[in-house]
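S.K.: with the input below, show me the fold.
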Amino acid sequence: MANSTSLKSDAVLEQMKLHLATDAGKQLTKKIGLVYQINIAPKKIGFNEEIYIVDLKKGEVTKGPYEGGKPDATFSFKDEDFVKVATGKMNPQIAFLSSLIWTGVQGRNEDKGQFECGTEIHS
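M.R.: Sure, this is the predicted structure:
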């Protein structure tokens, strides 16, 4: 986990938290119903990351590891890239293809039960 360095992403995640408390946020929670873990690194993915949980089952944004099992999806960003994606200044698909986002996704295979697939792209 990261030291007490302030991330630019903190403000974005605080806005997410406030939005989830609104009627529109409650509708989003009802519609999506998934839990996302977002790892945000000050400079390099994998180092000194802060962990946030965006719980769209409960409508909460919390700091720290998920305590309800495994999140449905995990995303790792550098702080500046998360802010760009969250504010619409960077296309998330382009960020992923450019190795600026790492992902891990929990999925369900109808024939074989649970499976986990992840993508780690190292630049």
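
S.K.: not counting its neighbours along the chain, what's nearest the residue nearest the centre of the chain?
M.R.: Nearest residue to the geometric centre of the chain (CA atoms, centre = their mean): Ile38, 2.7 Å. In this structure, Ile38 finds its nearest non-sequential neighbour in Tyr52, 4.6 Å apart by CB to CB, 6 or more residues apart in numbering. The C-beta positions use only the backbone N, C-alpha and C, and glycine is treated the same way.

S.K.: longest single helix anywhere in the chain?
M.R.: Looking across the chain with DSSP state H, the single longest helix is helix 9-20.

S.K.: contacts for that one?
M.R.: The contact list for helix 9-20, computed with CB atoms under 8 Å, 6 or more residues apart in numbering, reads 25-26, 28-29, 38, 40, 50, 52, 54, 56, 59-61, 63, 77, 79, 82-83, 86-87.

S.K.: just the ones of the residues you listed in helices?
M.R.: Using DSSP H, 25-26, 28-29, 79, 82-83, 86 are the members of those that sit in helices.

S.K.: narrow those residues to those that are buried.
M.R.: 25, 29, 79, 82-83, 86 (16 or more other CB atoms under 10 Å).

S.K.: state the pair within the residues you listed that is farthest apart.
M.R.: Put simply, by CB to CB the two of those set farthest apart are Thr29 and Asp79, 25.5 Å from each other.

S.K.: gap between Leu20 and Leu13?
M.R.: Here Leu20 is placed at a distance of 11 Å from Leu13 (CB to CB, to the nearest Å).
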